[in-house]
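**Student:** Need a 3D model of the following:
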Amino acid sequence: MSEKNGWVLDIGIHSEHSRRQVNETKMLLTFISHIGTGKTITAQKMGELFYNMGLLATPQVVECTVADLLGQYVGQTVPKTRKKLQEGVGRVIFIDEAHRLVHGQYATEAVDELIQFLTRPSHKGKIIVILAGYTADMHNLISTRPALASLFPEEITFDNIPLDDCIALLAEELEFSKFTSEAGFLTNPSSPDYGKVKRLFRAMQSIPRWSNARDIRNLPRRILGGFLGSIDYDCAHQARVISAAHITDCMGQMITQQKERRTATASNNKTASSQQPPGRGMGSHPIMFSPQPATPPPAVSTSYALRAESSFSVADNSASIRTQGQGLNSFLTSQAAAVDKGTNGPQNDRNTQGQNASSADIREEGVFDVVWQELAKTKKIESARRVLRDTEIK
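**Tutor:** A predicted model of the protein is given here:
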């Protein structure tokens, strides 16, 4: 018999009736819990259990996350999801961080393929699928994807590790490193120091995103790091006993650090949400992000400002002029000829300027006012550029 928080799996290994009942039902479960409560280990134990019953071809568990199901481009998600599910046939497939299937175009495609795959008669009783995620996020997923609620009726909740078990795990981790607590208070529930440690663990669990076993395993590293840094290595007989004051101080430091990180994360999320432009509700997949405003071009150096303005004006005019037809082409030809003749710019005599004006200032039909004004501006800039060039040559 295997029991986890009230959910009882009472299936006799040698019971043909039990095997037939399970074979007639697709084993589709959701693991809802906080971080570090043993979801992956439980899935591995379930693989061994059902393999020993003859319900699975192998005790191996296919572990993946939602990132292994989603594609990076259009058309990639469905084949990736199908391939991963096909890999889990005859096994237990454990999909962690399933709450990420809530939003996004690719997430919708993955959910649709998952439902289609699991409802095929050929897959009935041949695969055990476990969706795992955090409590609030998984509830959001089930409410957002109603098809999953009916397909995954079984829900197993993993609560936080009990406080006494947290202390026992801490003592085991220290003992594994060949250290022990002062007077063995971590194994004595009647000790006042035991009560202090228990209250500190309760404070840790009150912080959002408490990671249970992960944080408990990180705590001995902090404790031993501070302890080893304070001992005298010249004393070969130095006792490997850690005081209660040192342990409680390290736990207090860890609580302060977690609270500061939580505050910083909340502040950053608030700032990011206030600065983020309104999107189209396509989810958090990188390819579905809203486009960001273009970066403005760098300022042009003053020594090359006149030349850059001439280049940009000519380029813009060329793009506009191409839309005006053949009549404007003949006009540009006459303008270019007039500019080529006036190589001395303002130094030309009045007679030459008068002759050029008679041909260059003629405006043909079909030329827009904007185009005419830009051409005149470009002509002046080109003339000034030539004067500067001639001056530099002299």
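
**Student:** Give the residue spans of the stretch 101-250 of the chain that score low on pLDDT.
**Tutor:** Low-confidence segments of the stretch 101-250 of the chain, defined by pLDDT under 70: 230-239.

**Student:** At which residues are the strands of it located?
**Tutor:** For the stretch 101-250 of the chain, the strands defined by DSSP state E, counting those that start in this stretch cover 128-134, 154-158, 180-181, 241-242.

**Student:** can you list contacts of the first one?
**Tutor:** Meaning strand 128-134. Strand 128-134 is contacted from outside by 26-35, 39-40, 43, 46-47, 50, 56, 85, 88, 91-100, 114, 118, 138, 141, 148, 152, using CB atoms under 8 Å, 6 or more residues apart in numbering. (C-beta placed from N, C-alpha, C; glycine too.)

**Student:** Can you list the strands that it pairs with?
**Tutor:** Paired neighbours of strand 128-134 in the sheet (DSSP bridges): strand 27-33 (parallel), strand 92-96 (parallel).

**Student:** worst average pLDDT in those?
**Tutor:** In terms of average pLDDT, strand 27-33 trails the rest of the strands paired with strand 128-134, at a mean of 86.

**Student:** on that earlier part again, now which of the contacts of strand 128-134 would you call buried?
**Tutor:** Burial by neighbour count, 16 or more other CB atoms under 10 Å: within these this picks out 26-34, 39-40, 43, 46-47, 50, 56, 85, 88, 91-96, 98-100, 114, 118, 138, 141, 148, 152.

**Student:** my read: Ile35 touches Pro208, true?
**Tutor:** No: here Ile35 does not reach Pro208: they are 10.5 Å apart, not a contact under CB atoms under 8 Å.

**Student:** For Pro79, grab phi and psi.
**Tutor:** Phi and psi for Pro79, reported as degrees, to the nearest 10, are phi -60, psi -30.

**Student:** With adjacent residues omitted, what lies nearest to it?
**Tutor:** Excluding the flanking residues, the one nearest Pro79 by CB to CB, 6 or more residues apart in numbering is Gly71, at 7.9 Å.

**Student:** Just confirm the one you found is within a helix.
**Tutor:** No: using DSSP: H, G, I helix; E, B strand; the rest coil, the assignment for Gly71 is coil, not a helix.

**Student:** got a list of what it touches?
**Tutor:** Gly71 touches Thr77, Val78, Pro79, Lys80, Tyr106, counting by CB under 8 Å, 6+ apart.

**Student:** Tell me which two in those are the farthest apart.
**Tutor:** Using CB to CB, the two most remote members of those are Pro79 and Tyr106, lying 12.2 Å apart.

**Student:** More neighbours: which of the two?
**Tutor:** Taking neighbours as other CB atoms under 10 Å, Pro79 and Tyr106 compare with Tyr106 leading, 26 against 11.

**Student:** wouldn't the more buried one be in contact with Val78 here?
**Tutor:** No: with contacts counted by CB under 8 Å, Tyr106 stays clear of Val78, the gap being 9.4 Å.

**Student:** ok, which stretches of the protein are helices?
**Tutor:** 16-23, 39-52, 77-87, 105-118, 135-144, 146-151, 163-176, 192-205, 213-228, 244-275, 305-321, 326-341, 350-360, 369-393 (DSSP state H).

**Student:** list the buried ones in the last one?
**Tutor:** For helix 369-393, burial by neighbour count (16+ other CB under 10 Å) applies to Val371, Glu374, Leu375, Thr378, Lys379, Ile381, Glu382, Ser383, Arg386.

**Student:** Where is pLDDT lowest across these?
**Tutor:** Val371 (73).

**Student:** ok, so what distance separates that residue from Thr378?
**Tutor:** Separation of Val371 from Thr378 (CB to CB, to the nearest Å): 10 Å.

**Student:** same check, this time on Val74
**Tutor:** Val74 is 44 Å from Thr378, where distance means CB to CB.
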